[in-house]
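Asks: Turn this into a model:
(one chain, ligands or ions: 1)
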Amino acid sequence: MEKKRLIVTGCNGQLGRAVNREFDSDSRYELINTDVTAEIKLDITDVDQVMSFVREKKPYAVINCAAYTAVDKQENDADLSMKINAIGPRNLALAASDSGAKLVHISTDYVFPGVSDHPLTEFDPTGPSSVYGKTKLAGEEFVKQFADRFNIIRTAWLYGDGHNFAKTMLKLADAHDELTVVDDQLGTPTSAKELARCIHELLPGDNYGLFHGTCEGDTNWAEFAEAVLKLGGKTTKVKHVSTEEYARMNPQSAPRPAYSILDNYMLRLTGSYRFADWHDAVEEYFKDGLK
Ligand SMILES: NC(=O)c1ccc[n+]([C@@H]2O[C@H](COP(=O)([O-])OP(=O)(O)OC[C@H]3O[C@@H](n4cnc5c(N)ncnc54)[C@H](OP(=O)(O)O)[C@@H]3O)[C@@H](O)[C@H]2O)c1
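Replies: Residues are numbered from 1 along each chain as shown. Below you'll find the predicted structure:
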């Protein structure tokens, strides 16, 4: 049987690596890995390059794991943010529909205003306040406008094989007896592995559209830090502070959402995938050697 080709963009990122591990043992698919620094270079901001690459490879699907994720940096770099997070997915959407391929695109909780009294569904109004949130929302809109068959999956607090909050906490714990972490921002840590499993489940079917995809349950950053330190065998204490107190000590350029709990409503309605509870996913992450 001929294998279905999947073009993975941003293959060197956290999700790109997790997608590779997830599909590795599935003989139905052949992965074509691309990134700006990979052996096969594909810069998603270059429309001509993207169109000709996708035309040549004729994939079954394009999985867009590429993004500009440095939230603070892009507050002063809005044009680059717009190019990577909005023009990039536009190019992939155009190329995917031109070649009859599906597009899987990843978005974020930052598209919401960050205040809510209920877990946010796909039907709640957006309203980003950071450059990252605004450009990711523009990316979603381009995908809806130009792709024929797509899944946009909004995730949050992602960790995997790369730079992330969990690894930062473990590193800081080696040098400090106490870490100061905010406890008034709510959300759900989500492993790149769980997100890759969700993509794997959705890919062969016809359940297209916008989905929320985060692990189950919710917490705050201080509690997440405590869970990570415990699993990492660290004795470092976590001092809980408010966002306001933290900002006085460590000013950050991008506003952080106080409320980021997403409800995976569309996944539930369509019976497509049930994410693991965040406690179980983070335990699995340690068992996997922080990959
Ligand atoms: N990380 C989170 O907490 C989080 C939360 C919610 C949603 N998300 C979303 O989840 C997805 C995956 O995030 P991640 O954490 O896996 O990201 P990541 O680790 O930052 O990986 C992104 C990858 O994209 C590459 N890239 C940057 N510009 C590119 C371009 N023009 N063309 C092709 N590749 C390019 C990056 O290369 P360089 O490193 O060389 O720039 C990197 O390898 C993204 O859509 C992100 O917005 C992430």
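Asks: can you tell me the residue of the stretch 151-291 of the chain closest to the ligand?
Replies: Nearest residue of the stretch 151-291 of the chain to the ligand, counting by Cβ to the nearest ligand atom: L158, 3.5 Å away. For glycine as for every other residue, the C-beta is placed from the backbone atoms N, C-alpha and C.
Asks: what do you get for the chain?
Replies: G13 (1.9 Å).
Asks: Got phi/psi on that residue?
Replies: Per-residue torsions, G13: phi -80, psi 180 (degrees, to the nearest 10).
Asks: tell me, how many neighbours does it end up with?
Replies: The number of residues packed near G13 is 23, by other Cβ atoms under 10 Å.
Asks: One more: K171?
Replies: K171: 10 neighbours (other Cβ under 10 Å).
Asks: next one: phi and psi at it?
Replies: Dihedral angles (degrees, to the nearest 10) for K171: phi -70, psi -50.
Asks: what does K41 give?
Replies: Dihedral angles (degrees, to the nearest 10) for K41: phi -90, psi 130.
Asks: Give me the neighbour count for it.
Replies: Neighbours of K41 (other Cβ under 10 Å): 11.
Asks: can I assume it is in contact with D35?
Replies: Yes. The criterion here is Cβ atoms under 8 Å, and K41 meets it with D35 at 7.3 Å.
Asks: about what we covered before: the residue of the stretch 151-291 of the chain closest to the ligand contacts T190, correct?
Replies: Yes. Using Cβ under 8 Å, L158 is in contact with T190, at 5.4 Å.
Asks: Residue numbers of the stretch 101-250 of the chain in contact with the ligand?
Replies: With Cβ under 6 Å from any ligand atom as the criterion, the stretch 101-250 of the chain meets the ligand at residues I106, T108, K136, T155, A156, W157, L158, G162.
Asks: try 5 Å
Replies: With the criterion set to Cβ under 5 Å from any ligand atom, the stretch 101-250 of the chain comes near the ligand through I106, T108, T155, L158, G162.
Asks: rewinding a little: between L158 and T190, which has more neighbouring residues?
Replies: The neighbour comparison of L158 against T190 (other Cβ under 10 Å) goes to T190, with 26 against 23.
Asks: Torsion angles phi and psi at the more buried one?
Replies: Main-chain torsions, T190, degrees, to the nearest 10: phi -130, psi 130.
Asks: Verify the contact between it and A276 for me.
Replies: No. Between T190 and A276 there is no contact under Cβ under 8 Å: 9.4 Å.
Asks: where does the chain dip in pLDDT?
Replies: Of all residues in the chain, none has pLDDT under 70.
Asks: Can you show me the helices along the stretch 101-250 of the chain?
Replies: Taking DSSP state H, counting those that start in this stretch as the test, the helices found in the stretch 101-250 of the chain are 131-146, 165-173, 192-202, 221-231, 243-249.
Asks: Make JSON lines from those helices and add distance to L94 to it.
Replies: Shown next, in JSON lines, are the helices of the stretch 101-250 of the chain (distance: least, Cβ to Cβ, whole Å):
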{"stretch": "helix 131-146", "distance to L94": "5"}
{"stretch": "helix 165-173", "distance to L94": "34"}
{"stretch": "helix 192-202", "distance to L94": "21"}
{"stretch": "helix 221-231", "distance to L94": "38"}
{"stretch": "helix 243-249", "distance to L94": "39"}
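Asks: between those helices, which gets nearest to R28?
Replies: helix 192-202 (10.3 Å; Cβ to Cβ).
Asks: which strands and helices sit next to that closest one?
Replies: helix 14-23, strand 102-108, strand 150-155, strand 158-159, helix 278-287 (3 or more Cβ pairs under 8 Å, 6 or more residues apart in numbering; DSSP states H and E).
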